[in-house]
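**Student:** Sequence and computational prediction follow.
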Amino acid sequence: QVHVVESGGGLVQTGGSLRLSCAYSGTFSGIGSITWYRQAPEKERELVAMITGDDRITYSDSAKDRFTISWNNAEKVGFLQMNRLIPEDTGLYSCKIKAMIVDLGRTSFPEYWGQGTQVTVSS
């Protein structure tokens with residue numbers, strides 16, 4: 001089981017910055033990926049950024065050039081640095097951890113979610 005906790009959200013004005021954190025803990029052999037999602041009111045949840053265990057990175061079109069995803073495996077935490085925020089970035093940001101579990105010679109990749117952290121960007 002992996003426990004995931006996001007933090008760092010808040011209220012910020014347009015043009016401001018926030019740094020979200022995704023702390024993970026539990027029993028696992030490795031991390032397959034860390035993915036940040038956003039769910040805005042009355043909208044579908046959308047992928048914002050993803051980083052794999054071998055540091056391949058994917059951004060949504062809206063996040064490119066403004067957001068930076070990173071992680072520190074030794075500290076067991078992932079980050080999403082968000083700059084030049086706009087009202088359209090408002091939403092609940094959730095972190096999904098794809099863990100690697102090796103048990104009795106079998107490898108699996110279960111996914112775990114945190115509760116999310118709210119980001120509100122005022123105009």
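**Tutor:** Yep, it's here.

**Student:** And the strands in the chain?
**Tutor:** 2-7, 10-13, 18-26, 30-39, 46-52, 57-59, 67-72, 77-82, 91-103, 106-108, 111-113, 117-122 (DSSP state E).

**Student:** per-residue confidence averaged over the last one?
**Tutor:** Spelled out, it's strand 117-122. Here strand 117-122 scores 98 as its mean pLDDT.

**Student:** Just the C-alphas of that strand, formatted as PDB.
**Tutor:** Extracted C-alpha coordinates of strand 117-122, given in PDB (Å, rounded to 0.1, in the frame of the first residue of the first chain):
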ATOM      1  CA  THR A 117      -4.900  20.200  -3.200                       C
ATOM      2  CA  GLN A 118      -7.000  23.100  -4.300                       C
ATOM      3  CA  VAL A 119      -5.500  25.800  -6.500                       C
ATOM      4  CA  THR A 120      -7.500  29.000  -7.100                       C
ATOM      5  CA  VAL A 121      -6.200  31.700  -9.400                       C
ATOM      6  CA  SER A 122      -8.000  35.100  -9.200                       C
END
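
**Student:** Which other helices and strands does it contact?
**Tutor:** Applying 3 or more C-beta pairs under 8 Å, 6 or more residues apart in numbering; DSSP states H and E, one finds that strand 117-122 makes contact with strand 10-13, strand 18-26, strand 91-103. Using the backbone N, CA and C atoms, a C-beta is placed for each residue, glycine as well.

**Student:** Would you indicate which residues of that strand are buried?
**Tutor:** Neighbour-count burial for strand 117-122, counted by 16 or more other C-beta atoms under 10 Å, picks out 117, 119, 121.

**Student:** what lines up beside it in the sheet?
**Tutor:** Applying DSSP bridges, strand 117-122 is found paired with strand 10-13 (parallel), strand 91-103 (antiparallel).

**Student:** for the fifth one, same thing?
**Tutor:** Here strand 46-52 is paired, per DSSP bridges, with strand 30-39 (antiparallel), strand 57-59 (antiparallel).
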